[in-house]
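1. Model the following, please.
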Amino acid sequence: MASEKASVKVTGGGGFEFADRVAALFFAQMLAGRVPLGPGYGTITEVHFEVRDRGWLLDDLLLLLERGGTKHHCALSLKSNSQVTQNGFPQDFVSSIWEQAKASAPRVFSPDRDLLALAARG
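-> This next block holds a predicted model:
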């Protein structure tokens with residue numbers, strides 16, 4: 001059976017372009033020594049892409065930040081279209097956050113020092 005016809009956005013790399021732009025913003029913040037998530041999280045020291053194999057369910061982009069010797073993570077799900085509606089956040093995003101928060105192994109997320117986030121266009 002033939003697969004469904006893919007949209008021009010998908011075949012043209014629209015989602016990848018958005019991810020690259022978000023990553024570029026964070027790379028610029030890192031190079032400038034800025035604190036993009038606020039002073040409590042410090043500056044970005046590393047940026048990683050596609051980190052599901054490391055245990056992160058929000059796996060599109062992972063920021064490692066440091067402040068005063070304390071390391072923080074911010075795992076991001078990147079979506080190139082509008083996600084939040086009058087009904088709230090998408091169910092798959094909500095499910096991923098709960099599953100990540102409750103995960104026992106591998107335990108990569110620490111709710112007292114890390115963040116889980118959604119970056120969406122529009």
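2. Pass me the low-pLDDT residue ranges in this protein, would you?
-> Applying pLDDT under 70 to the chain picks out residues 1-15, 105.
3. In it, which helix is the longest?
-> The residue-count maximum for a helix in the chain (DSSP state H) belongs to helix 14-32.
4. by contact count, what packs against the helix or strand just after that one?
-> As assigned by DSSP states H and E, the chain's next helix or strand after helix 14-32 is strand 43-49. Counting contacts by 3 or more C-beta pairs under 8 Å, 6 or more residues apart in numbering; DSSP states H and E, strand 43-49 is packed against helix 14-32, strand 61-67. All C-beta spots, glycine's among them, are computed from the backbone N, C-alpha and C.
5. Which of those sits closest to residue 80?
-> Checking these against residue 80 by C-beta to C-beta gives helix 14-32 as the closest, at 3.6 Å.
6. thinking again about what came up before, residues in contact with the longest helix of the chain?
-> 8-9, 35-36, 43-45, 47, 49, 60-61, 63, 76, 78-80, 119, 121 (C-beta atoms under 8 Å, 6 or more residues apart in numbering).
7. can we see that at 7 Å?
-> With contacts defined as C-beta atoms under 7 Å, 6 or more residues apart in numbering, helix 14-32 is touched by 36, 43-44, 47, 60-61, 63, 78, 80, 119, 121.
8. what comes up buried for it?
-> Within helix 14-32, the residues that qualify as buried by neighbour count (16 or more other C-beta atoms under 10 Å) are 15, 18-19, 22-23, 26, 29-30.
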